[in-house]
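Engineer: Coordinates only, no sequence provided:
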């Protein structure tokens, strides 16, 4: 109380000082601004990301993403890996947060899809002009890319379709992108499998500087029966040169999607910030991405990250037919609950009233009995006294029931008590009348007190003995 009085005194003094009031107002506004700034401030986020080999196209795309994401306070630290399989494994174990990987590869339970970027066709490049079919690779040296790469996994899947196995049907090589670009032609294998978006810098180097050409791979339909991550693709004519033309005509092949994945524990806000960048025209132009029809990218291969789901639904209206249906269902449910509660209350009320009706019925029964006794030639005083006691007990039980909540209506209780009072008044009048008659009879005797007692005990019978013993 003393502190409150001091505060009130200070407030009264401050009200007389405009400068003090203005200072307090400015201090309050400054505090509000600080609190608002703290609430709106979001610390920079750092994510570890990989896009495979540093010489690959995915790595260049990741560098563009890194530059544009930094403007949104999402800082990407790029860590090269041997390929998509290794990147997926590291996203699964949490040593990487985000990765740009080749689709169609097995992923762990903690890996979530963020977005597809574009198709990555499989290039089969051969040096010998006589090699124009996949089966012609028997007895050749074939580069399947490095261990842990998506290219190797996809190439082995394709080769198994035509029953070719490394070591048995051909000699396997595992060259990095740097080795494919730096080695002279006579040190390169007869055939090279290479997965990349178009135009591929590695494929262009092999075609223009090492004399390789593309081989058609028309197996997309057959492979999709076994792997829904396989898509149909075409390498356009002149994709890697117009003079001489290469290829001179469109080359059918198989493809997978380049997808962005993230560990499921990456925050939703970080994923949404990345998607803002990935969906921007600025990113598309800087990364030289070729816009692909949505249908050509297929359905999500993995479970979507929650942040991606929120980002996709960001422009959905709040009130949709689904929301309306849910509200209607909720309304029907609430109405049903209200009706059920009302019926339950009515049932409980009826039960309480029926329970109370028993008390009223017993009082009415006792009242009829008193009327019957009054009409008799002689009043049955013991019975009258017993009825009086029963009324008292009935009244006490009713009051106890009201106190325990078994009787909820005060109006019913008042009606009952009034009924009991009327019967007791009538009953007391009869008992008093009979008592006066006995007293008049006792006055005629010389021993009035003894006679009065004998007459009373004789009239009340056993009830009088009980009262005497109790006394």
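Structural biologist: Yes, it's here. Please read all numbers here as calculations on a predicted model, not as lab measurements.
Engineer: Quick check: phi and psi on the most centrally placed residue in the chain?
Structural biologist: The residue lying closest to the centre of the chain (C-alpha atoms, centre = their mean) is residue 306, at 10.3 Å. Note on residue 306: backbone dihedrals following degrees, to the nearest 10 are phi -60, psi -40.
Engineer: cool, residue 256 as well?
Structural biologist: Here residue 256 shows phi and psi, under degrees, to the nearest 10, equal to phi -120, psi 170.
Engineer: pretty sure it contacts residue 117?
Structural biologist: No: using C-beta atoms under 8 Å, residue 256 is not in contact with residue 117, being 11.4 Å away. For every residue, glycine as well, the C-beta is placed using N, CA and C.
Engineer: out of those two, which sits in the more crowded spot?
Structural biologist: Per other C-beta atoms under 10 Å, whichever of residue 256 and residue 117 has more neighbours is residue 256, with 27 against 24.
Engineer: Which residue ranges of the stretch 1-150 of the chain form helices?
Structural biologist: 2-15, 18-40, 57-69, 84-93, 150-161 (DSSP state H, counting those that start in this stretch).
Engineer: which residues touch residue 161?
Structural biologist: Each residue near residue 161 by C-beta atoms under 8 Å, 6 or more residues apart in numbering is listed here: 219, 222, 223.
Engineer: Show me how far stretch 235-245 is from its chain's centre.
Structural biologist: A distance of 52 Å separates the centroid of the chain from that of stretch 235-245, by C-alpha atoms, centre = their mean, to the nearest Å.
Engineer: and the protein, what are its domains?
Structural biologist: As given by automatic domain parsing, the domain ranges for the chain are 2-40, 45-312, 325-470.
Engineer: Just say which of these is most tucked in.
Structural biologist: domain 45-312 (a mean of 18; mean count of other C-beta atoms under 10 Å).
Engineer: measure that domain end to end?
Structural biologist: Distance between the boundary residues of domain 45-312 (C-alpha to C-alpha, to the nearest Å) amounts to 21 Å.
Engineer: just the helices in the stretch 301-450 of the chain please.
Structural biologist: 306-312, 321-374, 381-403, 410-443, 448-460.
Engineer: now those helices in a markdown table, with distance to residue 204 and mean pLDDT?
Structural biologist: A markdown table is the format used below for the helices of the stretch 301-450 of the chain (distance: least, C-beta to C-beta, whole Å; pLDDT from 0 to 100):
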| stretch | distance to residue 204 | mean pLDDT |
| --- | --- | --- |
| helix 306-312 | 33 | 90 |
| helix 321-374 | 49 | 75 |
| helix 381-403 | 96 | 78 |
| helix 410-443 | 95 | 76 |
| helix 448-460 | 127 | 52 |
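Engineer: export these to JSON lines and tack on distance to residue 260?
Structural biologist: Shown next, in JSON lines, are the helices of the stretch 301-450 of the chain (distance: least, C-beta to C-beta, whole Å):
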{"stretch": "helix 306-312", "distance to residue 260": "9"}
{"stretch": "helix 321-374", "distance to residue 260": "28"}
{"stretch": "helix 381-403", "distance to residue 260": "71"}
{"stretch": "helix 410-443", "distance to residue 260": "71"}
{"stretch": "helix 448-460", "distance to residue 260": "102"}
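Engineer: Relative to residue 175, which of the ones you listed is closest?
Structural biologist: helix 306-312 (35.2 Å; C-beta to C-beta).
Engineer: pretty sure residue 213 contacts residue 248?
Structural biologist: No: counting by C-beta under 8 Å, residue 213 sits too far from residue 248 to count as a contact (9.6 Å).
Engineer: re earlier: and the helices of the stretch 1-150 of the chain, which one is worst for confidence?
Structural biologist: When the helices of the stretch 1-150 of the chain are compared by mean pLDDT, helix 2-15 comes last with a mean of 55.
Engineer: and the longest strand for the protein?
Structural biologist: strand 111-126 (DSSP state E).
Engineer: just how off-centre is stretch 428-443 within its chain?
Structural biologist: With C-alpha atoms, centre = their mean, you get 84 Å for stretch 428-443.
Engineer: Equivalent analysis for stretch 70-82, please.
Structural biologist: The answer for stretch 70-82 is 30 Å, by C-alpha atoms, centre = their mean.
Engineer: Contacts made by that stretch with the rest, please.
Structural biologist: So stretch 70-82 is contacted by 42-54, 59, 62-63, 65-66, 69, 87, 90, 96, 98-99, 146-149, 270, 273-274, 276-277 (C-beta under 8 Å, 6+ apart).
Engineer: End to end on that stretch, go ahead and measure it.
Structural biologist: 25 Å.
Engineer: Quick check: mean pLDDT of it?
Structural biologist: 87.
Engineer: for stretch 117-135, same thing?
Structural biologist: Mean predicted confidence for stretch 117-135 is 91.
Engineer: for that stretch, how far is the first residue from the last?
Structural biologist: Span of stretch 117-135 from end to end, C-alpha to C-alpha: 32 Å.
Engineer: now swap in stretch 242-251 and tell me
Structural biologist: 15 Å.
Engineer: wait, what's in contact with residue 211?
Structural biologist: Here residue 211 is in contact with 127, 185 (criterion: C-beta under 8 Å, 6+ apart).
Engineer: ok, it to residue 229 distance?
Structural biologist: Counting by C-beta to C-beta, to the nearest Å, the gap from residue 211 to residue 229 is 32 Å.
Engineer: try residue 265
Structural biologist: For residue 265, the distance to residue 229 (C-beta to C-beta) stands at 24 Å.
Engineer: what does residue 238 give?
Structural biologist: From residue 238 to residue 229 the distance is 29 Å (C-beta to C-beta).
Engineer: Equivalent analysis for residue 28, please.
Structural biologist: 60 Å.
Engineer: again with residue 161
Structural biologist: 15 Å.
Engineer: ok, now residue 59?
Structural biologist: For residue 59, the distance to residue 229 - C-beta to C-beta - is 22 Å.
Engineer: same question, residue 328
Structural biologist: 40 Å.
Engineer: same question, residue 427
Structural biologist: 96 Å.
Engineer: What of residue 182?
Structural biologist: Residue 182 is 32 Å from residue 229, by C-beta to C-beta.
Engineer: cool, residue 340 as well?
Structural biologist: For residue 340, the distance to residue 229 - C-beta to C-beta - is 52 Å.
Engineer: now swap in residue 86 and tell me
Structural biologist: Counting by C-beta to C-beta, the gap from residue 86 to residue 229 is 18 Å.
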